[in-house]
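Participant: fold the following, please.
(chains A and B)
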Amino acid sequence: SQQGEEDPQALSIQEGENATMNCSYKTSINNLQWYRQNSGRGLVHLILIRSNEREKHSGRLRVTLDTSKKSSSLLITASRAADTASYFCATGSMPGGFKTIFGAGTRLFVKA
Amino acid sequence: EADIYQTPRYLVIGTGKKITLECSQTMGHDKMYWYQQDPGMELHLIHYSYGVNSTEKGDLSSESTVSRIRTEHFPLTLESARPSHTSQYLCASKKGIPMGSPLHFGNGTRLTVT
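Facilitator: Residues are numbered from 1 along each chain as shown, chains lettered A, B, ... in the order given. The predicted model follows:
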C-alpha cells in the first residue's frame, strides 16, 4: 500500500457487536481521517483526528491515534447492518496536509 | 447530498478513443483531487490541484491529464484509452483552510475500455 496497512482486510460480525479496525501509516502526518465507502459509491468523511490529539469521539465512533507507533484505530460500537461498508483511513501528509493518501481499507460486514 | 458532481456515472468505450471525465463542485473549494480505485481496492492519488492554473501529479503514474481553468471545474482527460485504464475514477475537493479539512467525494465514474 502507498500509505501503510489496514488491519483486518475484512471483518464479519453480528449486529450489536463492536467493530475495531486498525491503520498504520508511514510518514509524518498533520492529521488522520476515516472515511466510509458503500459499494460502488464515493467516500464519505466520518471523523478527523489531528496529530496532537490522542482520542476523539463522534456518536458511535471512537478514534485513537498513536503518532509514536504511526497507528490509528476506529471503533464502531453497537454495530448495525447499515454499517456494512468499506472503511478507509487517510492521512494528510506534511507539509500543509493538503495531499491526502489512503490506506487499503477494511471491508466490514455486519450480519443482521 | 452531493455538492460535487461527476459525469458520466458509467462509460464504456473502445480502445484508442479520447475521453474526458467531468468533475464540478459548487462549494468554492480551492483543492481538488482525482483518485483511481479498482473495485474493492485502495484509492490511488493521480492528480491534484491547489487552485486555478495549478495542477500536480499524484503518487500513481497516470497517462491522464487534468486542467483547472475555473475553481469549480477539474476535468480529467485520457487522450487514448486502453483496457488498462479500466477502473473507477473518484473526484474530490476540500477547503484550503483549515488544514486537515475533510475531502468531499463525488460518486465516481466507472470506466470500462474494451
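
Participant: so which bits of chain A are right by chain B?
Facilitator: With CB under 8 Å from any CB of the partner chain as the criterion, chain A comes near chain B at residues A:1-3, A:30-31, A:33, A:35, A:40-45, A:48, A:50, A:86, A:88, A:90, A:92, A:96-105, A:107. Where you see a C-beta, it was placed from the backbone N, CA and C, and this is true even at glycine.

Participant: just the buried members of those?
Facilitator: A:1, A:3, A:30-31, A:33, A:35, A:41-43, A:45, A:48, A:50, A:86, A:88, A:90, A:92, A:97-105, A:107 (16 or more other CB atoms under 10 Å in any protein chain shown).

Participant: among the residues of chain A next to chain B, which are in strands?
Facilitator: Taking DSSP state E, the ones among those that sit in strands are A:30-31, A:33, A:35, A:43-45, A:48, A:50, A:86, A:88, A:90, A:92, A:100-102, A:107.

Participant: get me the contact residues on chain B for chain A.
Facilitator: B:2, B:31, B:33, B:35, B:40-45, B:48, B:50, B:58-60, B:88, B:90, B:92, B:94, B:96, B:99-100, B:102-108, B:110.

Participant: tell me, what residue is most central in chain B?
Facilitator: Centrality entry for chain B: nearest residue to the mean C-alpha point is residue B:34, 3.2 Å, by CA atoms, centre = their mean.

Participant: am I right that that residue sits in a strand?
Facilitator: Yes. With DSSP: H, G, I helix; E, B strand; the rest coil as the criterion, residue B:34 is part of a strand.

Participant: from chain A, how far out is it?
Facilitator: Distance of residue B:34 to chain A, computed by CB to the nearest CB, to the nearest Å: 12 Å.

Participant: so which residues of chain B form strands?
Facilitator: Counting by DSSP E, chain B has strands at residues B:4-7, B:10-13, B:19-25, B:31-37, B:43-51, B:54-57, B:65-66, B:76-78, B:87-94, B:104-105, B:109-113.

Participant: which helices and strands sit right next to the last one?
Facilitator: Meaning strand B:109-113. Under the contact criterion of 3 or more CB pairs under 8 Å, 6 or more residues apart in numbering or on different chains; DSSP states H and E, strand B:109-113 touches strand B:10-13, strand B:19-25, strand B:87-94.

Participant: for chain B, give me the ranges with low pLDDT.
Facilitator: B:1-2, B:98-99 (pLDDT under 70).

Participant: switch the cut-off to 80
Facilitator: Residue ranges of chain B with pLDDT under 80: B:1-2, B:59-62, B:96-100.
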